[in-house]
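**Student:** Quick one, what's the 3D model for this:
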Amino acid sequence: MQLALHARNRQQPPPDIEALAAEARDLAQQVGQGTPDSWARESNNLARNVAYHYPGFACNSVPSEILVLDGTYLEDAVLVVRERLLLAGARLAAVLNAALAPTEFARLR
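**Tutor:** Numbers count the residues shown, from 1 in each chain. Got it, this is the predicted structure:
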């Protein structure tokens, strides 16, 4: 998480927190709020098509040799993790807003 958000063990929010929040809101608008079931399906799809999609990987088997993940894999993974963290934060905020201040949240929409 720290790598994906460039946080580096900070106790204070990063100086670009407002930009991150705006990006999270935009992302949530594009993708939609969804439901916990759809969130799980999205994550499963990313796991199958990004996290576990590299040469030499097969479910229920042990690779015959050591797999070395290249820089492209790491770059792709960091982008996915960053997006998922931003989206999770925006979705959690929406759930909390709806639960804790339902009338005000509905009025702001």
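**Student:** those helices in the protein, which residues are they?
**Tutor:** 2-5, 17-31, 36-46, 71-100, 102-108 (DSSP state H).
**Student:** out of those, which comes closest to Tyr54?
**Tutor:** helix 71-100 (6.0 Å; C-beta to C-beta). Backbone N, C-alpha and C define where each C-beta goes, glycine included.
**Student:** Which other helices and strands does the closest one contact?
**Tutor:** On a contact count with 3 or more C-beta pairs under 8 Å, 6 or more residues apart in numbering; DSSP states H and E, helix 71-100 meets helix 2-5, helix 17-31, helix 36-46.
**Student:** outside of the second one, which residues touch it?
**Tutor:** Counting by C-beta atoms under 8 Å, 6 or more residues apart in numbering, the neighbours of helix 17-31 from elsewhere in the structure are Leu5, Pro14, Glu83, Leu86, Leu87, Gly89, Ala90, Arg91, Ala93, Ala94.
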